[in-house]
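Enquirer: Provided below for reference: sequence and predicted model.
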Amino acid sequence: MKKLLAIALAAAMTASLTACGEDAKITTAAPKEETTAGEEAAADAGEKKTGSEMIWKLATDAARDYPTTKALIRFADEMYERSEGRIAVDIYESSILGDEISYMEQLQTGTVDVAKLSIGTLSGLYDETQVFLLPFLFKNNTEMWKVLEGETGEYVLNGLNDYSIQGIGFTDCGSRCFYTTEEIKTIEDFKGKAIRVQNNQLMNSMIDCLGANPVNVAANEVYSALQTGVCKGGENNPNIILSDSLYEVAPYVLLDNHTTTMDVICMNLDLWNSLSEEDQTIVREAMAAATEYDREIWDASVEEALKKLEEGGATVVQPDDAVLDSFRAAMDPIYEEYAGKYETLLNMINEDLK
């Protein structure tokens, strides 16, 4: 039986975004009038109405003002409204229930009811999802969403059943880019540099293929590692580069978008199976509304992050096609190594993209 035994494999696959704060719990409210693009929802979630038949605990490591957390607040509000107050959702953000590995285990045992899990974490449990970490798998998030909304997405969500989890939907996790202490413009500039990545063999291989040296440090130690020279750069999406202030010590950002990936919103399988068909439909509809909202605000958040990075003194470089082609060509050994291992999902992805 796979289930909890697979947790050990996940131990080094992810990192938390932020530390928890005293006010990290968000309570759901009866729906209010719409704010502009929902921007005030995360900062001003009201008190949950009493009398709900079910109160679910939702865990995320993302901060309150992060786009994904805003989408989860939308999910909570939709659940309350569509169930006419029978189902309320308490959101525990900013890792208040531990990092992703910790609350993934709680999700499996039912201590947590719903959780946001990144592919980096989830692939330690559900190995096949590691296919989404392949560099340059998608040209953009339009391609990614086409796949997630097709048969591939359903395959992934239902495949989690083997681990006491039901996937209920996806949110955008952005396109990962390099940030460095010294400017990098071409593949030659990577040679010999120590670049921080998640402790994941595929990610390590990507850095090796660029001629750099992979360094694995926890997310909350990256800033100091850059300060002290333990690493000369790392990679993440622009929102995280900004929110974690990484640009202060690594002010060069290369928008190569080498990995475009997603977060998976998951529910404890026993809880899911206990729901009536009507309530399962409510969950799907609420998640669909949250995903739609997430897609509305994500791109705008990236544009705003890039603007603030430049205002903060960062140098943002958009590599030309020749540079990107050299990066893609360098990744050939990774595809040769992993294509057979993940053949089923790769074929499904190619079919969805035609």
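Expert: Arrived safely, thanks for sending.
Enquirer: in this structure residue 126 contacts residue 157, no?
Expert: No - between residue 126 and residue 157 there is no contact under C-beta atoms under 8 Å: 10.7 Å. For glycine as for every other residue, the C-beta is placed from the backbone atoms N, C-alpha and C.
Enquirer: okay, those two: which has more neighbours?
Expert: residue 126 (23 against 19; other C-beta atoms under 10 Å).
Enquirer: and the gap between that one and residue 99?
Expert: Separation of residue 126 from residue 99 (C-beta to C-beta, to the nearest Å): 18 Å.
Enquirer: all helices in the chain, in order from the N-terminus.
Expert: 67-82, 100-109, 119-125, 141-148, 151-159, 201-209, 222-228, 238-243, 269-274, 277-311, 321-330, 332-338, 343-353 (DSSP state H).
Enquirer: nearest to residue 132, of the ones you listed?
Expert: Closest approach to residue 132 among the helices of the chain is made by helix 119-125 (4.8 Å; C-beta to C-beta).
Enquirer: quick check: mean pLDDT of the closest one?
Expert: Average pLDDT, helix 119-125: 91.
Enquirer: same check on stretch 61-69?
Expert: 92.
Enquirer: then it to PDB, C-alphas only?
Expert: Taking C-alpha atoms only, stretch 61-69 is exported to PDB below (Å, rounded to 0.1, in the frame of the first residue of the first chain):
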ATOM      1  CA  ASP A  61       2.200  27.500   2.500                       C
ATOM      2  CA  ALA A  62       1.400  30.600   0.400                       C
ATOM      3  CA  ALA A  63       1.000  34.000   2.000                       C
ATOM      4  CA  ARG A  64      -2.300  35.800   2.400                       C
ATOM      5  CA  ASP A  65      -1.700  38.200  -0.500                       C
ATOM      6  CA  TYR A  66      -0.400  35.600  -2.900                       C
ATOM      7  CA  PRO A  67      -2.600  35.000  -6.000                       C
ATOM      8  CA  THR A  68      -3.100  31.300  -5.100                       C
ATOM      9  CA  THR A  69      -4.300  32.100  -1.600                       C
END
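Enquirer: can you list the buried residues in that stretch?
Expert: 61-64, 66-69 (16 or more other C-beta atoms under 10 Å).
Enquirer: just to revisit the earlier point, turn the helices of the chain into TSV, columns for distance to residue 55.
Expert: Output for the helices of the chain, formatted as TSV (distance: least, C-beta to C-beta, whole Å):
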stretch	distance to residue 55
helix 67-82	10
helix 100-109	16
helix 119-125	25
helix 141-148	29
helix 151-159	24
helix 201-209	37
helix 222-228	36
helix 238-243	29
helix 269-274	12
helix 277-311	14
helix 321-330	47
helix 332-338	42
helix 343-353	36
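Enquirer: so for residue 249, which of the ones you listed sits nearest?
Expert: When these are compared (using C-beta to C-beta), the closest one is helix 222-228, at 4.2 Å.
Enquirer: other SSEs contacting that closest one?
Expert: Helices and strands touching helix 222-228, by 3 or more C-beta pairs under 8 Å, 6 or more residues apart in numbering; DSSP states H and E, are strand 194-196, strand 233-236.
Enquirer: repeat that for 10 Å
Expert: Applying 3 or more C-beta pairs under 10 Å, 6 or more residues apart in numbering; DSSP states H and E, one finds that helix 222-228 contacts strand 165-180, strand 194-196, strand 233-236.
Enquirer: any idea which of the ones you listed gets closest to residue 278?
Expert: Counting by C-beta to C-beta, residue 278 lies closest to strand 165-180 out of the helices and strands packed on helix 222-228; the figure is 15.3 Å.
Enquirer: got the CA coordinates for the closest one in PDB?
Expert: Only the C-alpha atoms of strand 165-180 are listed here, as PDB (Å, rounded to 0.1, in the frame of the first residue of the first chain):
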ATOM      1  CA  ILE A 165      -6.200  11.900  -1.800                       C
ATOM      2  CA  GLN A 166      -8.700  13.200  -4.400                       C
ATOM      3  CA  GLY A 167      -7.500  16.000  -6.600                       C
ATOM      4  CA  ILE A 168     -10.200  18.600  -7.100                       C
ATOM      5  CA  GLY A 169      -8.500  21.200  -9.400                       C
ATOM      6  CA  PHE A 170      -5.400  23.300 -10.300                       C
ATOM      7  CA  THR A 171      -4.100  26.800  -9.800                       C
ATOM      8  CA  ASP A 172      -1.200  28.500 -11.600                       C
ATOM      9  CA  CYS A 173       2.200  28.100 -10.100                       C
ATOM     10  CA  GLY A 174       3.900  30.300 -12.700                       C
ATOM     11  CA  SER A 175       6.900  30.000 -14.900                       C
ATOM     12  CA  ARG A 176      10.200  29.600 -13.200                       C
ATOM     13  CA  CYS A 177      13.100  31.900 -14.100                       C
ATOM     14  CA  PHE A 178      16.700  32.300 -13.000                       C
ATOM     15  CA  TYR A 179      17.800  35.000 -10.600                       C
ATOM     16  CA  THR A 180      21.600  35.500 -10.100                       C
END
